[in-house]
Each structure stands twice: as structure tokens, then as C-alpha cells.
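*Asks:* when you get a sec, could you give me coordinates for this:
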Amino acid sequence: MFLGTAGALPSVSRGYTALAIRAGRKVVLVDTGDCAIQKMLRVGWNPLDVEYIFITHLHPDHSSGLPSITHILWMMGRRGSLSIFTPKPFASEMQSIIAAYGLDRLEGLTLKVSLIPLADSVVVEDTSLEIHTFPVRHSIPNVGVKVVYGGKKVVYTSDTEPCEAVVRNAGCADILIHESNESAYITGGQRGHSTARDAGRIAHQSGVGELFLVHLGPALMDREKDIVREAREEFGGKVTVPNDLDVLTL
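*Replies:* Numbers count the residues shown, from 1 in each chain. Here you go, the predicted model:
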């Protein structure tokens with residue numbers, strides 16, 4: 001489920017980029033944009049199924065919803081352990097966030113914070129579910145996320161310039177969800193981000209089945225057809241710009 005598809009500046013119809021991936025009865029949240037719990041409820045997903053939360057990096061559009069999500073889950077009756085993953089360089093910041101909001105004092109709910117190394121890593125092996133992370137190229141330390149379940153592979157790049165790590169980890173993925181904060185023709189490139197053409201090139205090099213463009217910059221919000229056309233200059237497969245609340249079943 002695409003919880004949000006915008007970059008750091010949301011619009012009326014697009015919130016911060018975030019994903020909810022269901023694997024069996026468990027849900028993986030990747031980044032914690034605005035109103036994630038409410039959006040899950042709107043499409044009939046039970047927020048109490050959230051088992052793992054990944055914060056790819058500590059820019060506000062990817063991390064600011066964590067305190068409210070955690071508190072809401074607790075108010076809804078979530079107890080036991082809740083796993084939160086974040087890159088190792090943000091260890092102290094994560095502990096400060098948890099302490100500032102009193103998330104370490106929620107009776108019956110224990111936050112298990114795991115630090116992601118900035119190297120290709122398998123961070124979850126849970127029966128038929130595997131979650132991998134890999135470092136990408138952004139203005140601060142950041143990781144992409146690869147989820148393998150039921151023979152299917154979904155890869156999300158988070159914010160990144162084109163880089164070999166994405167090509168390597170997205171190899172033959174069923175779905176590549178790649179940022180398109182910029183456009184080669186509309187905005188030009190920007191350091192730390194990718195254009196739609198960059199995303200198309202990465203999809204082609206990786207041999208993925210389908211490409212989804214997310215994290216749209218403000219100039220691209222109403223230019224979906226243009227950026228799809230741009231990505232197709234490099235990638236011959238299906239290219240989609242999803243909307244918030246779209247659900248894809250593999």
C-alpha cells in the first residue's frame with residue numbers, strides 16, 4: 001500500500017512517501033509519513049498488524065510520524081514488542097525521540113530498536129519473510145529496503161542519487177519503487193535525488209518487472225504523464241505513478 005507518494009512538500013492529494021507492505025498477517029511500515037494509521041484504516045488494513053517499522057533516514061518527511069504512530073498503536077491495544085529499525089548513525093537521535101515523547105514508558109509496549117549498518121544486510125529473517133537493507137546516496141546516511149516474501153521481491157530506494165547499490169539489490173525484482181523527486185526536462189537534476197529518467201535507467205539496468213515512481217517533487221505533482229514518458233525513455237517495462245492509498249497485490 002502506498003501510504004504517501006510526495007516528497008518533502010506534500011500536496012492536497014499526496015502526503016509524504018511511505019509504504020505499508022503486508023506479508024501474510026504481518027505488516028512492514030517503511031517510513032512514517034503523515035497520518036499513516038488513518039490511511040491504513042481507510043483501506044481496511046488493521047494497524048495492529050504492524051510488526052516492523054523502518055525509518056530509512058531522519059529527514060522529517062520520513063521519520064516525523066514515528067511518535068504518533070507508536071502512541072496510537074499503544075492506545076489501540078498493541079502490547080509486547082514492536083521492532084523499529086533505523087541506520088546506525090542515528091542511534092542517539094532515535095533514543096532522544098523515544099525519551100522526549102515518553103515512548104519508553106508505555107505500559108506493556110516495548111520498543112525494540114535495531115540499528116542498521118551502512119552495508120548490504122539481512123535485518124529480518126522471519127519464516128518466509130526476509131527484509132534486506134542497503135546504503136544509498138543521499139545528503140545524509142540513508143538506506144533502501146528490499147522485502148522478499150512468497151517468492152516475490154519488492155525494492156524501495158528511499159531518497160537517492162542513482163547508485164550501484166540500487167542496481168545490485170533490485171536485480172530481477174518484481175517491483176522497484178524508486179524516487180523521482182526531479183525530472184530531467186522539467187526541473188533538472190538535484191544532488192541527493194533522482195530524475196524520472198534516472199529511475200528508468202536503474203530499472204532497465206536491474207531488469208525489474210515494473211517501476212513505480214514516488215517521492216514526487218512539487219513541480220511534478222500534476223505532471224504524471226510527463227515523468228512516465230521520461231522514465232520510458234530508459235525502461236521498456238511498465239511504469240506507474242501511484243496515488244496515495246493505492247494497493248498493489250503480488
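*Asks:* backbone dihedrals for the spatially most central residue of the chain, both of them.
*Replies:* The centroid of the chain falls nearest to V30 when counting by Cα atoms, centre = their mean (4.2 Å). As for V30, its main-chain torsions (degrees, to the nearest 10) stand at phi -110, psi 110.
*Asks:* quick check: chain neighbours aside, which residue is closest to I227?
*Replies:* Leaving aside its sequence neighbours, I227 sits nearest to A196 (Cβ to Cβ, 6 or more residues apart in numbering; 3.9 Å). C-betas here are computed from N, CA, C, even on glycine.
*Asks:* tell me, how many residues neighbour the one you found?
*Replies:* 35 (other Cβ atoms under 10 Å).
*Asks:* beta partners for the residue nearest to the centre of the chain?
*Replies:* Beta-bridge partners recorded for V30 (DSSP bridges): L19, F54.
*Asks:* for it, give me its contacts.
*Replies:* 18-21, 54, 56, 145, 156 (Cβ atoms under 8 Å, 6 or more residues apart in numbering).
*Asks:* doesn't V166 belong to a helix?
*Replies:* Yes. Secondary structure of V166 (DSSP: H, G, I helix; E, B strand; the rest coil): part of a helix.
*Asks:* ranges for the helices of the chain?
*Replies:* 36-42, 60-63, 66-75, 91-100, 164-169, 196-206, 224-232 (DSSP state H).
*Asks:* any idea how far the fifth one is from the chain center?
*Replies:* This means helix 164-169. 16 Å (Cα atoms, centre = their mean, to the nearest Å).
*Asks:* try the shortest one
*Replies:* With Cα atoms, centre = their mean as the basis, helix 60-63 stands 10 Å off its chain's centre.
*Asks:* equivalent analysis for the longest one, please.
*Replies:* Averaging C-alpha coordinates over helix 196-206 and over its chain gives two centres that are 18 Å apart (Cα atoms, centre = their mean).
*Asks:* rounded mean pLDDT for that helix, please.
*Replies:* If you average the pLDDT over helix 196-206, you get 98.
*Asks:* distance to S83 for the helices of the chain - can I get that in CSV?
*Replies:* Listed next are these as CSV, based on distance: least, Cβ to Cβ, whole Å:
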stretch, distance to S83
helix 36-42, 16
helix 60-63, 16
helix 66-75, 12
helix 91-100, 13
helix 164-169, 21
helix 196-206, 28
helix 224-232, 34
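*Asks:* which among the ones you listed is found nearest to D246?
*Replies:* helix 36-42 (10.9 Å; Cβ to Cβ).
*Asks:* other SSEs contacting that closest one?
*Replies:* Helices and strands touching helix 36-42, by 3 or more Cβ pairs under 8 Å, 6 or more residues apart in numbering; DSSP states H and E, are strand 2-4, strand 18-23, helix 66-75.
*Asks:* burial measure for T240, as a count.
*Replies:* Neighbours around T240, by other Cβ under 10 Å: 17.
*Asks:* where's it relative to H71, distance?
*Replies:* 34 Å (Cβ to Cβ, to the nearest Å).
*Asks:* what of C172?
*Replies:* 40 Å.
*Asks:* looking at these two, which is more packed in?
*Replies:* Neighbour tally, C172 and H71, criterion other Cβ under 10 Å: the higher count belongs to H71, 16 against 9.
*Asks:* which residues touch that one?
*Replies:* Residues counted as contacts of H71 (Cβ under 8 Å, 6+ apart) are 101, 103, 106.
*Asks:* could you flag which of these are buried?
*Replies:* 103, 106 (16 or more other Cβ atoms under 10 Å).
*Asks:* in JSON lines, list the contacts of H71 along with pLDDT.
*Replies:* Output for the contacts of H71, formatted as JSON lines (pLDDT from 0 to 100):
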{"residue": "Y101", "pLDDT": "97"}
{"residue": "L103", "pLDDT": "97"}
{"residue": "L106", "pLDDT": "97"}
